[in-house]
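S.K.: no sequence for this one, just the structure:
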Ligand SMILES: [Zn+2]
């Protein structure tokens, strides 16, 4: 099944590209009323197509797959149910972005690639991992943007395709790293409102190669 193949491909890329350590993070895709999601606690290098679970978004039941679904399954389902434009979610604990999340600081938009995320990369208030409250905070803080930080936890990147959501998870980490570096240089210079608005507009028609 293509969607399961894609999820496994990007799940392995999460680890390869240094966006997760160990079994942290998870990926899902929504097709119709079905959510396809990575399993809980399975090392990425061992993950195969048959390990991806199918969850009915209406009933919340696992309809296919033998493993335990990701502990963040309630958060993924809640996001899909409350924001119909979202068809794919990538969740990571990538280091630099999570440093901002732990400091409760939005990531300054110091590089134009962050415009792919939208006007801001804000921090959703803390709630326990796996809780519905965390999902609610994520949805509320995300708004129309394509990425959000979860306080003292990590990163959510979303998109209409898994490719978009994954690219954004990488962009969030990259911009967090750059912003951290700029801070070390004692000169954080975020894009001004006009330049940011132009870049955001540009990304609306961006087609990844
Ligand atoms: Zn997490």
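M.R.: In hand now; what should we look at? Not measured: the values here are computed from a predicted model.

S.K.: for residue 22, helix, strand, or coil?
M.R.: coil (DSSP: H, G, I helix; E, B strand; the rest coil).

S.K.: Tell me the helix or strand right after the lengthiest helix in the chain.
M.R.: Criterion DSSP state H: the longest helix present in the chain is helix 162-184. Per DSSP states H and E, the first helix or strand lying C-terminal to helix 162-184 is helix 193-204.

S.K.: so where's this protein shaky on pLDDT?
M.R.: 206-209 (pLDDT under 70).

S.K.: tally of neighbours for residue 61?
M.R.: 9 (other C-beta atoms under 10 Å). (C-beta placed from N, C-alpha, C; glycine too.)

S.K.: Please report how far it lies from residue 39.
M.R.: 16 Å (C-beta to C-beta, to the nearest Å).

S.K.: Torsion angles phi and psi at the residue with the largest distance to the centre of the chain?
M.R.: Here the centre of the chain is the reference, and by C-alpha atoms, centre = their mean the most remote residue is residue 186, at 28.8 Å. Backbone geometry at residue 186, expressed as degrees, to the nearest 10, gives phi 60, psi 30.

S.K.: where along the protein do the helices fall?
M.R.: Applying DSSP H to the chain gives helices spanning 2-16, 73-82, 95-102, 132-142, 162-184, 193-204.

S.K.: Just send those back as CSV, with mean neighbour count and distance to residue 117 too.
M.R.: Shown next, in CSV, are the helices of the chain (neighbours: other C-beta atoms under 10 Å; distance: least, C-beta to C-beta, whole Å):
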stretch, mean neighbour count, distance to residue 117
helix 2-16, 17, 18
helix 73-82, 22, 15
helix 95-102, 20, 11
helix 132-142, 19, 10
helix 162-184, 21, 6
helix 193-204, 13, 9
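
S.K.: Compare those helices and report which one is nearest to residue 46.
M.R.: helix 2-16 (10.0 Å; C-beta to C-beta).

S.K.: what is the orientation angle of that closest one with helix 162-184?
M.R.: In terms of direction (axes from the mean of the first three to the mean of the last three C-alpha atoms, to 10 degrees), helix 2-16 departs from helix 162-184 by 20 degrees.

S.K.: I'd like to know which of the helices of the chain is closest to residue 119.
M.R.: When those are compared (using C-beta to C-beta), the closest one is helix 193-204, at 6.2 Å.

S.K.: my guess is residue 137 meets residue 123, correct?
M.R.: No: with contact defined as C-beta atoms under 8 Å, residue 137 does not reach residue 123; the gap is 9.5 Å.

S.K.: overlap in contacts of those two?
M.R.: residue 150 (C-beta atoms under 8 Å, 6 or more residues apart in numbering).

S.K.: If you count contacts, what does the longest helix of the chain end up packed against?
M.R.: In terms of contacts (3 or more C-beta pairs under 8 Å, 6 or more residues apart in numbering; DSSP states H and E), helix 162-184 is packed against helix 2-16, strand 26-31, strand 88-92, helix 95-102, strand 147-150, strand 154-159.

S.K.: What are the contacting residues of the second one?
M.R.: Think strand 26-31. So strand 26-31 is contacted by 3, 6-7, 10-11, 14, 35-38, 57, 70-72, 76, 80, 86-91, 162, 165-166 (C-beta under 8 Å, 6+ apart).
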